[in-house]
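Novice: Output the structure for:
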Amino acid sequence: MEELKSIMKKFVASGWDLISIPAQQWLDGNADKDTLISAIKQADEECGSCGCELDPLYKRALELI
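Specialist: Numbering: from 1, shown residues only. From the prediction side, this is the model:
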């Protein structure tokens, strides 16, 4: 759970609304799981191979959820 929390904090810090808003909601305990999963999958599709530090975190977060 700590690893997932750390990943969510990185998503929030990214400032990318697509992923930062659902991640913050998850951290606040207000997340809809389906919305969060959908946002992570979309982020992975749009940016999952750009070479940034978040690329491997999308897939890892999905494994942990």
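
Novice: Need the residues that contact stretch 58-65.
Specialist: 3-4, 7-8, 11, 33, 36-37, 40-41, 43-44, 47-48 (C-beta atoms under 8 Å, 6 or more residues apart in numbering). Every residue, glycine included, has its C-beta placed from N, CA and C.

Novice: ranges for the helices of this structure?
Specialist: Assigned by DSSP state H, the helices in the chain fall at 2-14, 17-27, 33-47, 55-64.

Novice: Highest mean neighbour count out of those helices?
Specialist: helix 17-27 (a mean of 19; mean count of other C-beta atoms under 10 Å).

Novice: what angle separates that one from helix 2-14?
Specialist: Orientation check (axes from the mean of the first three to the mean of the last three C-alpha atoms, to 10 degrees): helix 17-27 against helix 2-14 gives 140 degrees.

Novice: Does anything pack onto helix 17-27? Which helices or strands?
Specialist: Contacts defined by 3 or more C-beta pairs under 8 Å, 6 or more residues apart in numbering; DSSP states H and E place helix 17-27 against helix 2-14, helix 33-47.
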